[in-house]
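Chemist: With the input below, show me the fold.
(2 chains)
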Amino acid sequence: MSKRLLAVTLGVLTAVGGFVDIGDLVESGVVGARYGMALVWVTLLGVLGICVYADMSGRVVAVSGRPVFDLIRERLGPRMALLNLAGSFLITLLTVSAEIGGVALTIELASGVDRLIWVLPIGVLVWLVIWRVGFERMETGFGLGGLAIGVFAVAIFFLHPDWSSLGAQIAGFGPPPDQALPTYAYHAVALFASAMTPYEVFFFSSGGVEEGWKVKDLPVQRANVLLGFPLGGLLAIAVMACAATVLFPAGVDVGQLSQIVLPVTLALGTAGLVIVLIGIFAATFGAALETGLSSGYMLAQYFGWDWGKRRAPRNAARFHVSVAAGLLVAVLVVQTGIDPVGLTEISLIFSAVALPLTYLPVLIVANDREYLGKHANGHFSNIVGFAMLVVIAVAALVAIPLMIFTGAGQ
Amino acid sequence: MNVPRRTRFRAAAALAAVAALTAGCGADPQADVVHAGREIRGQLELLRLVITADRDSVPPVPSLSITVRDAADELGSAGQDVGDLTDDRARAALASITDRGVALAHRLDAGLGDGTDAGLDEIDAQLQGLIGELARWGVTR
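Modeler: A predicted model of the protein is given here:
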């Protein structure tokens, strides 16, 4: 295998394993148990959106050598960038908390020991990995570990589902007759936000700078996005399918991570459970690293500090301190005993509200020929990007009213 | 701010309509029973799924025990919704089903992962019995 093909394969696999985080796991499980496969179209829409915008971010980084947030500040001014920073930073802090809570829940499922015992050690471990482990090794290691979530895709075949029934649910689009439309819409918004969480763009573009992407790397990063993210989306759909096969017919309303992994235990026994817990651990721990770093990236890039994992802490002290402070806040939030699954749902809804603040500036910068020259958006990227922006705007507008009206999807 | 009278009237009418709709939704006793019963039924079905899983996995699996404890907690919070029901007979019946469901969850938790199927059939039968009782109150799914 040539070196380039190996790089592409490794990059795609890392993107697949890194796609699913606690938001995708929880929301795919929740909607699968409640609506069967009726909301698959939302996952597909979200994957399309993140592919289009990650591709734009990748081009911005490869051509300009600067992260997207840096250019947003320069192109749109400090006020617009501050709005972007405020929305995205707070959501990212909520997301770090949810991810750390997810890691703690996973260890509780494996050990039987209360999750609150694990929160502080997990926070310290996340900080140590960010501090000591190299960027590529960190991303690849946890990305590949996250591939173990693929056991959901294996489990679905062992559960012997009624494929025609699953197909009918997919084609049905709408909620089952006994479910209310506003609640269906609420979960559609949360599922959409789980695929397009704001930190993904910041991490992706800042990671591109950390890895030193150049224009010649564009085909590789495009392969990572256009193959890796859709395949990662399939993992989320596999989680949904398992819930749709086992929990939906039983009328189980998912409110716990333990319920989401139950179909795998039923299908594959203890071996399946061990694999899925490894996968969830890697996915949530990896996402905690990414979100933890993203909070530091955002602050440092807005205020113009030196930043990056490649820089020695003494040369990027404010960046490293802000990452550590973000992790500390997240640990304190989870340590209060707040339910991580509920926290995840809330973080997804508020993410939906902040989505336009993240993605509109990306679309504007990706159209700027001063920065991108011939690599600026073409007609196709603009049409799909604008269409997705309309969907994003609608999701942002209805998210809070739906949360209030449905009692957070109850 | 000088808001026109007609606008104020429309806003008040809209608020009254929303309030009436909300009150109307909450005033259907049978719908409330079905709503509260569904949550209970889902957790009872979940316990039955755990029984199926435990038969296949002989070694102790903490995750199954946690699933059962979570289900017991969810039944407990469903019991609080039951307390709000206006139909006295339904409230008493669903509260009894909830209590027995929680007791079965604790029995199941104690017997999980012991490598035998002892007692599982009996617990499963009792869970099915509770689900049948719920069906008599119109909670079929």
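Chemist: contacts and neighbour counts: CA atoms only from here.
Modeler: Fine.
Chemist: and residue 71, what does it touch?
Modeler: Just going to use chain A. When the contact criterion is CA atoms under 8 Å, 6 or more residues apart in numbering or on different chains, the partners of A:Leu71 are A:Val365.
Chemist: should've been chain B
Modeler: B:Ala71 sits next to B:43-44, B:46-47, B:105 when contact means CA under 8 Å, 6+ apart.
Chemist: repeat for A:Ala110
Modeler: For A:Ala110, counting by CA under 8 Å, 6+ apart, the contacting residues are A:274, A:277, B:61-63.
Chemist: Narrow these to those in strands?
Modeler: In strands, judged by DSSP state E, none of those are found.
Chemist: And the next helix or strand past the worst-scoring helix or strand of chain B on mean pLDDT?
Modeler: Lowest on mean pLDDT, DSSP states H and E among the helices and strands of chain B sits helix B:5-26, with a mean of 52. Toward the C-terminus, helix B:5-26 is succeeded by helix B:29-56 as the next helix or strand (DSSP states H and E).
Chemist: when you scan that next one, is anything in it near chain A?
Modeler: Yes: using CA under 8 Å from any CA of the partner chain, we find that helix B:29-56 touches chain A at B:38-39, B:41-43, B:45-46, B:49-50, B:52-53, B:56.
Chemist: what's the neighbour count on whichever residue of the stretch 101-250 of chain A sits closest to chain B?
Modeler: Closest residue of the stretch 101-250 of chain A to chain B, CA to the nearest CA: A:Leu109 (4.4 Å). For A:Leu109, the count of nearby residues is 25 (other CA atoms under 10 Å in any protein chain shown).
Chemist: Could you list the low-pLDDT ranges of chain B?
Modeler: Scanning chain B for pLDDT under 70 picks out the ranges B:1-27, B:54-60, B:113-116.
Chemist: Residue numbers of it in contact with chain A?
Modeler: B:38-39, B:41-43, B:45-46, B:49-50, B:52-53, B:56-57, B:59, B:61-67, B:70, B:141.
Chemist: And the residues you listed, which of them are buried?
Modeler: B:38-39, B:41-43, B:45-46, B:49-50, B:52-53, B:56-57, B:61-67, B:70, B:141 (16 or more other CA atoms under 10 Å in any protein chain shown).
Chemist: Leaving out sequence neighbours, find the closest residue to the residue in the stretch 251-400 of chain A that chain B sits nearest to.
Modeler: Among all residues of the stretch 251-400 of chain A, A:Val252 sits closest to chain B, at 4.0 Å; criterion: CA to the nearest CA. Leaving aside its chain neighbours, A:Val252 sits nearest to B:Gly42 (4.0 Å; criterion: CA to CA, 6 or more residues apart in numbering or on different chains).
Chemist: Tell me who's in contact with that neighbour.
Modeler: Counting by CA under 8 Å, 6+ apart, the residues that B:Gly42 touches are A:250-253, B:141.
Chemist: again, only using 10 Å
Modeler: Residues in contact with B:Gly42 (CA atoms under 10 Å, 6 or more residues apart in numbering or on different chains) are A:247-254, B:48, B:71, B:74-75, B:131, B:141.
Chemist: List just the nearest of those to A:Val129.
Modeler: Nearest to A:Val129 among the contacts of B:Gly42 is A:Val254, at 32.1 Å by CA to CA.
Chemist: so how many other residues sit close to the closest one?
Modeler: Residues lying near A:Val254 (other CA under 10 Å) number 24.
Chemist: For it, what are phi and psi?
Modeler: The phi and psi values for A:Val254, taken as degrees, to the nearest 10, are phi -80, psi 130.
Chemist: Please give me every residue in contact with it.
Modeler: A:26-27, A:29-34, A:243, A:247-248, A:260, A:341, B:42-43, B:46.
Chemist: quick one: it from A:Val26, how far?
Modeler: Noted for A:Val254: a distance of 9 Å to A:Val26, by CA to CA, to the nearest Å.
Chemist: joint contacts of these two?
Modeler: Common neighbours of A:Val254 and A:Val26, using CA under 10 Å, 6+ apart, are A:32, A:260, A:341.
Chemist: check those against chain B, which are close?
Modeler: Contacts with chain B within the shared contacts of A:Val254 and A:Val26, as defined by CA under 10 Å from any CA of the partner chain: A:Ile260.
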